[in-house]
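>>> Here's my sequence, what's the structure:
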Amino acid sequence: MPADAIEVGRIADAWGIKGWFKVLPHSASPEALFSSKRWFLLPSDRHAGGNTSPTQKAAATKAVKPVVLKIKEAKDHADTVVACSLDVVDRNQAEALKGARIFVPRSSFPTAGTDEYYWVDLLGLDVFNREGVALGQVKDLMSTGPQTVLVLTQLSEETDKPAIERMIPFVAAFVDNVDLPARKITVDWQLDY
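Below is the predicted model of the structure:
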């Protein structure tokens, strides 16, 4: 497994009788699936132990060697992606892949355009307002249809209080700058919003 591997989707089921399979991408724009000709597969989370802790699941996943699929073709189909591999020649082999998690190297992602960012690159960035006040760290992103929202978590200074969660629309009206090398986002936002 490449060190920069990112999970980009899951195999949903076989598609047709010639070894094609359906993929449920984690992104509405699955360019990473189309740009990579090698997909690394790991079993679904349920194979890592249904009622185990996240640490145990991670350990179980690391113990499993990934399967490398050489992708012959991947394309959009309705609300999903369908693909075929040089290594999968019939429906039975495609069905055996059901539930597998798909990883591709981050280095194989297409280059993002100006003022475009992959969600995976924004996770973990620290967010500050124009006055330099820390608002939290990006823990998740949420698509609301017309826009994306940054979901921030900020630990409370008082140990007996829970973390503070903030949501900031990821639009030019509020986001002044994204500095990936500095791992920092500057926004026009206040603590009391």
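>>> Can you give me the end-to-end span of stretch 22-40?
As for stretch 22-40, its first-to-last residue distance stands at 16 Å under the measure Cα to Cα, to the nearest Å.
>>> Flag every buried residue along that stretch.
Neighbour-count burial for stretch 22-40 flags Lys22, Val23, Pro25, His26, Pro30, Ala32, Leu33, Phe34, Ser36, Trp39, Phe40 (criterion: 16 or more other Cβ atoms under 10 Å). Quick note: C-beta positions are derived from backbone N, CA and C, even for glycine.
>>> Pull out the C-alpha coordinates of stretch 130-148 and format them as CSV.
Once non-C-alpha atoms are left out, stretch 130-148 reads as follows in CSV (Å, rounded to 0.1, in the frame of the first residue of the first chain):
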residue,chain,number,x,y,z
ARG,A,130,-8.7,37.7,10.3
GLU,A,131,-7.7,38.9,13.8
GLY,A,132,-5.6,35.7,14.3
VAL,A,133,-8.1,34.1,16.8
ALA,A,134,-8.0,30.3,16.5
LEU,A,135,-11.5,28.9,15.6
GLY,A,136,-10.6,25.2,15.6
GLN,A,137,-9.3,22.5,13.3
VAL,A,138,-11.1,21.0,10.2
LYS,A,139,-12.4,17.6,11.3
ASP,A,140,-14.9,17.1,8.4
LEU,A,141,-16.5,18.7,5.4
MET,A,142,-20.2,18.5,4.6
SER,A,143,-21.8,19.1,1.2
THR,A,144,-25.1,20.9,1.5
GLY,A,145,-25.8,20.9,-2.2
PRO,A,146,-25.0,24.4,-3.3
GLN,A,147,-21.9,24.7,-1.1
THR,A,148,-19.5,22.9,1.1
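>>> Need the contact partners of that stretch.
Contacts of stretch 130-148 from elsewhere in the structure, counted by Cβ atoms under 8 Å, 6 or more residues apart in numbering, are 28, 119, 122-129, 149-154, 164-171, 176, 185-191.
>>> got the buried residues for it?
Under the neighbour-count criterion of 16+ other Cβ under 10 Å, stretch 130-148 has Leu135, Gly136, Gln137, Val138 buried.
>>> Check these and tell me the two furthest apart.
Leu135 and Val138 (10.0 Å; Cβ to Cβ).
>>> Looking at the record's assignment, how would you partition the chain?
Per the record, the chain has its domains at 5-108, 119-187, by automatic domain parsing.
>>> Could you identify which of those domains is most buried?
For the domains of the chain, the largest average neighbour count (mean count of other Cβ atoms under 10 Å) is found in domain 5-108, namely a mean of 16.
>>> ok so, going back, nearest to Arg101, of the buried residues of stretch 130-148?
Of all these, Arg101 sits closest to Val138, with 22.5 Å by Cβ to Cβ.
>>> thinking again about what came up before, out of the buried residues of stretch 130-148, which comes closest to Pro2?
If you rank those by distance to Pro2 using Cβ to Cβ, Val138 comes first, at 23.4 Å.
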